[in-house]
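Chemist: can you look at this prediction? I've put the sequence above it.
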Amino acid sequence: MKKLLYLSIATLFLIACSKDQKAVKNLEGSWTRTAYKEAGVTIADTAVTTYKFTSCKVKKGDCLGELSSGGKTLPFTYNFTEKGEKFTMIFSLLGVTGAQEGDVVEQTSDEFIFNYTDDSGVLVEETLSK
């Protein structure tokens, strides 16, 4: 009975990790932000904003990324959880670390839409395209 329980838990863990890894693999490369919404209202992106997501193995920890906008670049780490349905980016600037934790709205090979609640409680949705 114990062996069956351990086998079930191990299988569930492998399925969850593989879906998180698939989400990371789909995100690899350079993306341009094509839409930005705050509380459902589209905000014009005056600067070209790009994200670069590196290749990595989920089981080895967070992955590396880079956000570029208005001539400035900010490195971050990111990860997926809950079978690729939750997305988190962790930024560190001048010794202060912050995280944007949110939901994956849609993810295909050429479009990634995610949302998160910002520090002021506003729901933000970003659309990235390859």
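Modeler: Perfect, I can see it now.

Chemist: quick check: longest strand of this structure.
Modeler: For the chain, the longest strand by residue count, based on DSSP state E, is strand 96-107.

Chemist: CA-only coordinates of that strand, as CSV, when you get a sec.
Modeler: The C-alpha trace of strand 96-107 is given here as CSV (Å, rounded to 0.1, in the frame of the first residue of the first chain):
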residue,chain,number,x,y,z
VAL,A,96,15.4,45.4,-2.9
THR,A,97,13.7,42.2,-4.1
GLY,A,98,10.2,42.1,-5.4
ALA,A,99,8.0,39.5,-7.1
GLN,A,100,5.2,39.7,-9.6
GLU,A,101,3.1,36.5,-9.1
GLY,A,102,0.2,35.9,-11.4
ASP,A,103,-1.6,33.6,-13.7
VAL,A,104,-0.9,32.5,-17.2
VAL,A,105,-3.9,33.6,-19.3
GLU,A,106,-2.6,32.0,-22.6
GLN,A,107,0.6,30.5,-23.8
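
Chemist: what helices and strands are in contact with the helix or strand that comes right after it?
Modeler: Where DSSP states H and E defines the elements, the next helix or strand beyond strand 96-107 is strand 111-117. Applying 3 or more CB pairs under 8 Å, 6 or more residues apart in numbering; DSSP states H and E, we find strand 111-117 packed against strand 96-107, strand 123-129. All C-beta atoms are positioned from the backbone trio N, CA, C, and that covers glycine.
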